[in-house]
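>>> Sequence first, then the predicted structure, then my questions.
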Amino acid sequence: MSYFINKIKEARQYFTNTLDKITNKSKEKIILEEPVDDSKNDIDEDGEKKMKQNTDIESTIISTIELEKKDTDELEKKTTAELETPTDDSENISIPYITDEDEDEDNDSIYDDNPYIFNHLYTNEQLRFHYINDRLAKTFSAACMDTESTQYKVHFCIFAMNGTCSFKGHVMPFLQFIVEPNNGTHKFITMDFQCSQKEEEEDVYFKNECIKLLLEKFTIPQIDEETLDKIYKGFLEFDNNNIFVVFDFTSLIESISLSKNTDTNNIFNLSLFASSSKPDFKWAIMYDIWNKQINDVPIDDIVLRFFKKYRYMNEIRTDYEGITFTPIPCYLGKYENNEFVNVPGGEMALRSNHPTFGPFYYFSRESTLPNSARYAVFTENNTFLDDLLERFDEEYFSDILTKSVIEYSENKKQLLCVKPESFFYPL
């Protein structure tokens with residue numbers, strides 16, 4: 001036991017010095033852009049220096065795994081079955097579905113003409129991701145003609161593709177969905193809809209009614225035809241009485257945030273554009289939906305059944321036919337007098353000094369406060385520590401130093417020590 005503690009104390013000073021360098025390194029902004037063939041591999045001299053500097057630092061405190069192109073292929077080709085089977089180092093990495101059966105039989109890969117494109121932070125390589133672009137109906141008249149019903153409950157599935165997290169420069173996008181508390185559950189925004197009596201006007205009428213509700217709920221600019229083309233993904237007729245209309249708020253939120261000079265860590269802050277009459281909107285990530293609740297408040301059953309029925313709504317795919325990793329919801333904390341405590345919502349993540357592990361970022365799986373700061377946290381390249389630290393030998397100790405995330409229990413709390421700040425984002 002004493003050997004283990006001494007080794008950790010020796011490493012702490014090394015990490016403190018290294019992390020001070022990381023704090024001062026410049027952060028590159030992640031942007032969406034169209035592919036440009038002639039600049040795909042163009043790296044200037046400053047970029048080469050920055051790539052080398054960041055790679056050297058992250059190789060020490062994050063991982064010995066290289067995410068170069070040769071390894072990216074293997075990483076991206078992970079199958080759903082592999083993700084569902086936890087290993088010693090990857091438990092809770094991603095749980096594709098919590099249901100026993102999947103009602104959607106259309107499981108083909110999603111390839112579309114409008115992928116989400118992010119730049120690799122160090123090489124500027126184009127990274128392409130796919131989500132539902134080929135899957136949804138676009139013209140509403142078909143829905144009114146397929147059933148005898150002319151009245152619907154419309155559920156607004158509003159999402160954003162968050163591309164702010166990364167692993168050694170490789171962007172790890174994840175999905176966020178807007179929900180609101182309603183009668184003891186978290187639900188999608190809804191409206192009652194009566195089909196137009198004129199068949200030729202049904203689609204226009206439907207979209208106009210949707211836009212009216214969005215402008216009522218959110219303080220966003222007037223939605224013109226160009227904006228609508230960007231954010232409207234289509235709809236799914238769930239049953240004879242319920243329709244889910246899907247909007248992508250990614251570009252809209254980024255545009256509003258940039259116009260307000262919002263910090264990178266606050267781009268997806270719902271309070272920036274939610275109507276004052278509805279300040280309690282929340283972001284739900286896929287893990288919340290699979291877990292059926294947010295902060296112990298259940299998610300509405302029809303929302304759960306929607307994601308169960310349409311499997312492709314759960315996942316982001318890559319060009320390599322892989323499914324991206326999914327973060328887990330955690331609660332920010334810090335160490336005071338060598339004891340972990342959660343911090344209230346609104347506080348940004350700062351490094352905190354664990355008496356053994358040192359100055360990193362600390363989160364809990366459950367909150368001890370009614371309104372703790374809630375984060376989406378990736379757990380790739382992780383390890384689980386046993387309470388019996390004395391059983392660790394030198395070889396195991398050396399191994400955990402290469403891990404990005406250390407999961408451990410302390411005072412009956414399940415905690416995470418997260419080393420890279422690129423592994424989490426506030427919800």
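Noted; the coordinates are in hand. Numbering: from 1, shown residues only.
>>> ranges for the helices of the chain?
2-24, 45-61, 69-76, 80-84, 141-146, 202-217, 225-231, 250-259, 286-291, 301-309, 394-400 (DSSP state H).
>>> averaging pLDDT over each of those helices, which comes out lowest?
Per-stretch mean pLDDT for those is lowest at helix 80-84 (a mean of 36).
>>> where in the protein is pLDDT low?
1-112, 142-149, 199-200, 261-262, 276-279, 321, 386-397 (pLDDT under 70).
>>> Could you chop this structure up by domain?
Residue ranges for the domains of the chain, per automatic domain parsing: 2-26+327-426, 37-318.
>>> dump the residue contacts of residue 363.
By Cβ atoms under 8 Å, 6 or more residues apart in numbering, the contact list for residue 363 reads 330-333, 375, 377, 415-416, 418, 424. Yep, even glycine has a C-beta here, placed from its N, CA and C like the rest.
>>> Which parts of the stretch 51-200 of the chain are strands?
116-119, 126-130, 151-162, 166-167, 170-171, 174-182, 185-187, 189-194 (DSSP state E, counting those that start in this stretch).
>>> now residue 296: how far from residue 184?
Distance from residue 296 to residue 184, counting by Cβ to Cβ, to the nearest Å: 11 Å.
>>> picking up where we left off before, nearest to residue 179, of the contacts of residue 363?
Nearest to residue 179 out of those is residue 375 (Cβ to Cβ; 16.8 Å).
>>> Okay, and the beta partners of the closest one?
residue 330, residue 426 (DSSP bridges).
>>> Give the bridge partners for residue 159, please.
According to DSSP bridges, beta-bridge pairing links residue 159 with residue 177, residue 248.
>>> Contact partners for it?
With Cβ under 8 Å, 6+ apart, residue 159 has these contacts: 175-178, 246-250.
>>> Quick check: the gap between it and residue 115.
16 Å.
>>> ok so, going back, what's the closest of the contacts of residue 363 to residue 324?
Closest to residue 324, out of all of the contacts of residue 363 and judged by Cβ to Cβ, is residue 377, at 15.1 Å.
>>> In contact with that closest one, which residues?
327-330, 363, 405, 416, 418, 423-424.
>>> Could you single out the nearest of these to residue 231?
Of those, the one sitting nearest to residue 231 (Cβ to Cβ) turns out to be residue 327, at 23.6 Å.
>>> And for the closest residue to that closest one other than its chain neighbours, the neighbour number?
Leaving aside its chain neighbours, residue 327 sits nearest to residue 376 (4.0 Å; criterion: Cβ to Cβ, 6 or more residues apart in numbering). Residues near residue 376, counting by other Cβ atoms under 10 Å, number 26.
>>> what sits against residue 376?
Taking Cβ under 8 Å, 6+ apart, we find residue 376 in contact with 162, 165, 174, 176, 285, 327-330, 424-427.
>>> what's the answer for residue 307, then?
289, 313-314.
>>> returning to what we had before: CSV for the contacts of residue 376, including distance to residue 409 and neighbour count?
Output for those, formatted as CSV (distance: Cβ to Cβ, whole Å; neighbours: other Cβ atoms under 10 Å):
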residue, distance to residue 409, neighbour count
162, 29, 23
165, 25, 23
174, 26, 21
176, 29, 24
285, 23, 23
327, 20, 26
328, 16, 23
329, 18, 22
330, 14, 27
424, 20, 25
425, 25, 25
426, 24, 19
427, 24, 23
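>>> Among those residues, which one sits closest to residue 340?
Closest to residue 340, out of all of the contacts of residue 376 and judged by Cβ to Cβ, is residue 330, at 12.2 Å.
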